[in-house]
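Mind folding the following:
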Amino acid sequence: MRSMLFLPADSEKKIAKGKGTNADGLILDLEDSVALPRKAEGRRLAREFLDANPRESRTKSILVRVNPLCGDMTLGDLAAVIGGAPDYVLLPKYRTRADVITLDNYISALEVREGIPLGQTKILVIGTETGQALFNLGDLAGASERLSHVSWGEFDLSADVGAETHLLPDGGWDDLFRTARSLCLAAAAAAEIEACNTVFTDFKDDKGLEDAARGARRAGFTGMMAIHPNQVDIINEVFSVSEKELEWSRRVVEVFDNNPDLGVVGLDGIMLDKPHYTQAMRVIARAKAY
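Just a heads-up that it's a prediction; the model follows:
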């Protein structure tokens with residue numbers, strides 16, 4: 001998924017608008033964007049949307065962000081939506097490896113209850129919203145076969161540590177938050193899953209969004225979350241593989257495949273080694289997926 005659009009699960013109007021975008025994934029949010037008195041309505045509408053868009057006919061992935069395991073609403077959220085076969089469950093406020101294992105067990109039990117193929121529902125973890133999580137991101141590796149993505153976020157982390165702001169005077173991230181971003185990328189690599197960039201909150205700043213997305217892609221992120229429908233097309237464009245990139249990657253793979261006994265090869269005057277081959281294979285796979 002290049003783009004994942006957050007939608008408050010208790011708003012039929014916003015969900016309908018999100019469906020009309022080019023987002024690769026729609027996140028039906030039962031957490032922060034739904035007030036406590038509206039949680040039941042959010043669960044109901046999320047399930048209705050899932051049932052109205054059965055998995056076998058979906059053109060977009062449907063994710064559901066549940067409430068965090070440190071509260072008492074997660075299991076109720078899951079019980080309400082798993083029967084609708086969401087493609088992913090998004091777990092906020094990750095703390096330790098045990099959170100992922102617990103979520104996996106909950107989903108497994110509900111898949112059996114609902115007659116859904118065991119293991120079908122994948123997990124996306126937002127891995128940097130608590131100070132505790134930063135010490136445990138490496139533990140994501142091997143925690144669950146369902147785990148497919150990890151993302152990061154600065155706002156909840158800022159609140160958790162009591163920071164007045166997560167930004168420096170020049171607009172860049174302060175040290176803790178740059179570290180969280182880097183650890184997210186490292187955790188994704190360790191767990192062999194996808195790294196998803198956090199949201200860009202100024203939905204009227206197209207240039208800022210594009211710069212943020214391009215910086216994220218250069219760093220190694222493969223997709224990005226959006227908070228407004230107008231952000232989707234910019235994110236998709238940035239994270240798409242261009243024809244030029246795809247052609248170069250194919251040539252890199254070809255020259256290595258044609259010279260299996262060489263560790264270093266030359267192409268257009270450039271010396272290439274195995275990391276270039278690995279990256280080229282990733283680009284080709286990503287282009288095929290998109």
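
Can you give me the neighbour number for Asp72?
8 (other C-beta atoms under 10 Å). Quick note: C-beta positions are derived from backbone N, CA and C, even for glycine.

Next, it: phi, psi?
With angles defined as degrees, to the nearest 10, Asp72 sits at phi -120, psi 20.

And Met4, by the same measure?
Per-residue torsions, Met4: phi -130, psi 120 (degrees, to the nearest 10).

Write down the beta-bridge partners of the residue nearest to it when sequence neighbours are not counted, one by one.
In this structure, Met4 finds its nearest non-sequential neighbour in Gly25, 4.0 Å apart by C-beta to C-beta, 6 or more residues apart in numbering. Per DSSP bridges, the residues bridged to Gly25 are Met4, Ser61.

List the contacts of stretch 149-157.
1, 88, 92-93, 122-131, 134, 137, 140, 163, 166, 173, 176-177, 180-181, 183-184, 187-188, 191, 193-199, 223, 225 (C-beta atoms under 8 Å, 6 or more residues apart in numbering).

Mind telling me what element Val232 is part of?
Per DSSP states H and E: Val232 is located in helix 232-239.

Buried ones from the contacts of stretch 149-157, can you make that a PyMOL selection?
Buried residues within the contacts of stretch 149-157, by 16 or more other C-beta atoms under 10 Å, are selected in PyMOL with:
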select buried, resi 1+88+92+93+122+123+124+125+126+127+128+129+130+134+137+140+166+176+177+180+181+183+184+187+188+191+193+194+195+196+197+198+199+223+225
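
which residues does the residue nearest to Met4 contact?
Taking C-beta under 8 Å, 6+ apart, we find Gly25 in contact with Met1, Ser3, Met4, Leu5, Lys60, Ser61, Ile62, Leu63, Asp87, Tyr88.

isn't the fifth one right up against Asp24?
What that stands for is Lys60. Yes - using C-beta atoms under 8 Å, Lys60 is in contact with Asp24, at 6.3 Å.

With that, I have no additional questions.
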